[in-house]
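Undergrad: The sequence and its predicted three-dimensional model are supplied below.
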Amino acid sequence: MATKKAKAPALQLKDYKSNTYMDGDMEVRFAVGPEETKGFDTQQLIDNFLVKDLLVADKLKLVYMHYDRVIVGGAVPVAKTLTLPNHPELRAEYFLERRELGIINVGGKGTVTADGKKFELDKLSCLYLGKGTQKVSFASASKKNPAVFYLLSSPAHATYPNAMFTKEQASPVELGAVETANKRTVYKYIHLDGLKSCQLVMGLTVLAPGSVWNSIPPHTHTRRMEVYLYFDLPEGQRLFHFMGNPMETRHMVMTNNEAVISPPWSTHFGCGTTNYGFIWGMAGENLVYTDMDPAPVPTLK
């Protein structure tokens, strides 16, 4: 008697017609270079580099970028606890099987639970979770003032311990001047001399009242990509984010709690219509905060 053969699963072909697409509940963005970007109109710049609606109540959203395979995300638990999912695109048993994760809270007090251990994060506290952490969940202390967790994840090839920094532990440094409208305080959390990681670098900058320019003097760093999240930008105000080849800059107009992707070849700086804060995060060749290739203001075009 002939043995009945098992039915082969249907072949799932993918048709990549765009630089960006949704894969289930995670957005995927391919990398683009300076030559292609030179011809983008405003909408194409937005589609490829701007990350809108990342921080949504009772949602955990993820965007997978092909620049250094970094994933940017947001989790805003209001009425329920949110869990870090394991997306099929990662081909992993769980999200952090081969990854590390940086988390900064820009909202009310919240709790991150990692493999049963609870970390309480006030506003501007940062938590690093290392490779091998299997279960991660997010909760707020208050529905009226929920936590707003910003996430940044990169591939990891070694395990470093889970650890938290408050903003006071992040060695705040005041830079800039009122005269040039860029007086600011820089907080460095995950870097060579801070919380240990494989390749993730992460911190934030808060501009003083009356100061509006960030990341001056401008720079690039082809050894790693970068993502900015702008926060505490009041309603009705806007942020003009500059990007692109320093010899051919472009800009996008951003609102509060929006992120913007900076390819390794792109400069990245901005000017707001009022003061604000922004989280910077990088991944790539090294963990040195000061590793930058300058693009002085008089040379920009």
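TA: Received it, and whenever you're ready, just let me know what you need.

Undergrad: residues contacting the closest residue to Tyr276 other than its chain neighbours?
TA: Closest residue to Tyr276 apart from its sequence neighbours, by Cβ to Cβ, 6 or more residues apart in numbering: Leu233 at 4.3 Å. For glycine as for every other residue, the C-beta is placed from the backbone atoms N, C-alpha and C. By Cβ atoms under 8 Å, 6 or more residues apart in numbering, the contact list for Leu233 reads 239, 254-257, 272, 274, 276.

Undergrad: Looking at those, which are in strands?
TA: Using DSSP state E, the members of the contacts of Leu233 that fall within strands are 239, 254, 272.

Undergrad: Adding pLDDT, write those residues out as JSON lines.
TA: Below are the ones in strands among the contacts of Leu233 laid out as JSON lines (pLDDT from 0 to 100):
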{"residue": "Leu239", "pLDDT": "98"}
{"residue": "Met254", "pLDDT": "98"}
{"residue": "Gly272", "pLDDT": "98"}
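
Undergrad: Most neighbours among these, which one?
TA: Counting neighbours by other Cβ atoms under 10 Å, Met254 leads the ones in strands among the contacts of Leu233 with 25 neighbours.

Undergrad: mean confidence score for the strand or helix carrying Gln44?
TA: For Gln44, the host element (DSSP states H and E) is helix 42-49. Mean pLDDT, helix 42-49: 96.

Undergrad: Does anything pack onto that helix? Which helices or strands?
TA: strand 250-254, strand 259-262 (3 or more Cβ pairs under 8 Å, 6 or more residues apart in numbering; DSSP states H and E).

Undergrad: Which members of the contacts of Leu233 are the farthest-apart pair?
TA: Asn257 and Thr274 (15.1 Å; Cβ to Cβ).

Undergrad: Between those two, which has more neighbouring residues?
TA: Asn257 (22 against 16).
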